[in-house]
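K.L.:
This is a predicted model, with the sequence first.
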Amino acid sequence: MDNINESETKNIEINNKTITIIYNNDLSETLELKEQTYKQLYSKWFDDNISKPIYIDLELKETIDDLKVLTIESDTSKIAKLDSYFMNSDNIKKFIKYTRDRIKDVVVENNVIKINRWNDVKKELELNENGLNELFIENFVGENKGMFLSDKHKTLIKALNFIKIDKNKDNNITFIKNEFENRETIMKFFEYLNRRPFILEKELTKWKKNT
């Protein structure tokens, strides 16, 4: 999976253990599902934990752990699990989107967060009322996007909500600025926002089953 600048796919064809991926930019690549491919995937996207951190609440943690095992030793059970996972086009789309959209680096300058992702998409967030309102609306306003019980980073999300509804606005802006002085906090929060749509999808499916 070398097409690092595109996280969206146009089409995925699966033929036996050969996968052809066509991206939205019309570039394509072909992968053979085998042990060497899985080793290469882990080495490319996850091997350097300093520049490519892996957090314990990662949505794809089990799959990434299976990839890691194969870099240490050959394990036919892990290969079989990964074969099964990557034979599903929806799983391939999630994996592609997650690896490309992950945060590569974060810099905070003059109350502006500058985020650089692995797909080379750059974004800036101003730590003021307008910037924080946009962040809240983008991620938490709309159908099936509201907060749910198992949401992580609730304190930060609540502070964003209070800014939006003008409740102790100045105090909450100051709180978020103080929290985002910690680079790891920024990384973890925005990584969570990146994979939250997948988590919401699972939560919604679970809720529908129980009603």
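P.N.:
Happy to help now that I have it. Given the structure is predicted, the values throughout are model-derived calculations rather than measurements.
K.L.:
Now for Phe189, how many residues are close by?
P.N.:
The number of residues packed near Phe189 is 20, by other C-beta atoms under 10 Å. To be clear about C-beta, it is placed using only N, CA and C from the backbone, and glycine gets the same treatment.
K.L.:
what residues are up against it?
P.N.:
Neighbouring residues of Phe189 by C-beta atoms under 8 Å, 6 or more residues apart in numbering: His153, Leu156.
K.L.:
Then Lys123?
P.N.:
Residues counted as contacts of Lys123 (C-beta under 8 Å, 6+ apart) are Lys114, Ile115, Arg117.
K.L.:
So the first one is in contact with Leu127, correct?
P.N.:
No. Distance between Lys114 and Leu127: 11.5 Å, which falls outside the contact criterion (C-beta atoms under 8 Å).
K.L.:
give me the number of residues near Asn111?
P.N.:
Neighbour number of Asn111 under other C-beta under 10 Å is 13.
K.L.:
Show me the shaky parts of this protein.
P.N.:
Applying pLDDT under 70 to the chain picks out residues 1-7, 48-59, 149-150, 207, 211.
K.L.:
For it, which segments count as strands?
P.N.:
9-15, 18-23, 28-32, 103-109, 112-117, 122-126 (DSSP state E).
K.L.:
so which of the contacts of Lys123 is the most crowded?
P.N.:
By neighbour count, taken as other C-beta under 10 Å, the most surrounded of the contacts of Lys123 turns out to be Arg117 (19 neighbours).
K.L.:
ok, that one to Ile186 distance?
P.N.:
13 Å (C-beta to C-beta, to the nearest Å).
K.L.:
now Asn144
P.N.:
As judged by C-beta to C-beta, Asn144 and Ile186 stand 26 Å apart.
K.L.:
number of nearby residues for Ile103?
P.N.:
Ile103 has 20 neighbours, counted by other C-beta under 10 Å.
K.L.:
There's contact between it and Leu193 in this structure, I believe.
P.N.:
No. Ile103 is beyond contact range of Leu193, at 9.9 Å (criterion: C-beta under 8 Å).
K.L.:
how many other residues sit next to the residue lying closest to Val108 once chain neighbours are set aside?
P.N.:
Distances taken as C-beta to C-beta, 6 or more residues apart in numbering place Phe180 nearest to Val108, at 6.5 Å, with adjacent residues excluded. Residues lying near Phe180 (other C-beta under 10 Å) number 19.
K.L.:
With that, I have no additional questions.
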